[in-house]
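Peer 1: take this sequence and fold it.
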Amino acid sequence: MSAPVFHGTTILAVRRGSRLVFCGDGQVSLQNTVMKGRAIKVRTLLDGQILTGFAGATADAFTLFEKFEAKLKAFNKNLVRAAVELAKDWRTDRYLRRLEALLLVGDAERTLLISGTGDVIEPDGDAIAIGSGGNFALAAARALLAHTDLDARAVATEAMRIAAGIDIYTNDQLVIETLDAEDAR
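Peer 2: All right, here's what the predicted structure looks like:
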């Protein structure tokens, strides 16, 4: 079973210094029609200690956010353990297996991608992205991280604006959530 490809969103996570930023566009598309321009696809969990974002079916993502938050509570806020347990359930549970979404999650130390095929992936670098504009945003973020001194929020914002200028399923109505590792300790 291959991983689904989701169109209609871009979620980018950028880490620089002690700051983690999740940035999502606001466009909701149904086939070739823009249905909404200011959707919220990134959010915080556990009083701002965990950042999350999704690509895919909205109702499915909200179900997964709830399951993930329960796993975080069950495993004492251990991001990796909660992600692995969610991925296992997502892959093997008859109901969850039908959910179509990808999740990005992050805490003060790690950023992870979680999929319904059982993947829990930590990026090699300081950025990771999902959704139809994800590759555009990721490429822009990597270039900005390598060649500028911009902070994480500025990198994420500019990279998303670049993606919105290329991907027809991504807009520039950005929702940004920030976590400062120094504040989280």
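
Peer 1: wait, doesn't Val11 sit right on Val42?
Peer 2: Rather than Val, residue 11 is Ile. Yes. With contact defined as Cβ atoms under 8 Å, Ile11 counts as touching Val42 (6.4 Å). Using the backbone N, CA and C atoms, a C-beta is placed for each residue, glycine as well.

Peer 1: of these two, give the one with the bigger neighbour count.
Peer 2: Taking other Cβ atoms under 10 Å, Ile11 and Val42 do not tie; Ile11 has more neighbours (29 against 21).

Peer 1: overlap in contacts, Ile11 and Val42.
Peer 2: With contacts taken as Cβ atoms under 8 Å, 6 or more residues apart in numbering, Ile11 and Val42 have 22-24, 53 as neighbours in common.

Peer 1: in TSV: these, plus distance to Asp93 and secondary structure.
Peer 2: Listed next are the shared contacts of Ile11 and Val42 as TSV, based on distance: Cβ to Cβ, whole Å; DSSP: H, G, I helix; E, B strand; the rest coil:
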residue	distance to Asp93	secondary structure
Phe22	26	strand
Cys23	30	strand
Gly24	26	strand
Gly53	22	strand
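
Peer 1: can you redo the residues you listed as JSON lines with distance to Asp89, neighbour count and pLDDT?
Peer 2: Putting the shared contacts of Ile11 and Val42 into JSON lines (distance: Cβ to Cβ, whole Å; neighbours: other Cβ atoms under 10 Å; pLDDT from 0 to 100) gives the following:
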{"residue": "Phe22", "distance to Asp89": "23", "neighbour count": "26", "pLDDT": "98"}
{"residue": "Cys23", "distance to Asp89": "28", "neighbour count": "30", "pLDDT": "98"}
{"residue": "Gly24", "distance to Asp89": "24", "neighbour count": "31", "pLDDT": "97"}
{"residue": "Gly53", "distance to Asp89": "20", "neighbour count": "29", "pLDDT": "95"}
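
Peer 1: and the furthest pair within those?
Peer 2: Cys23 and Gly53 (8.1 Å; Cβ to Cβ).
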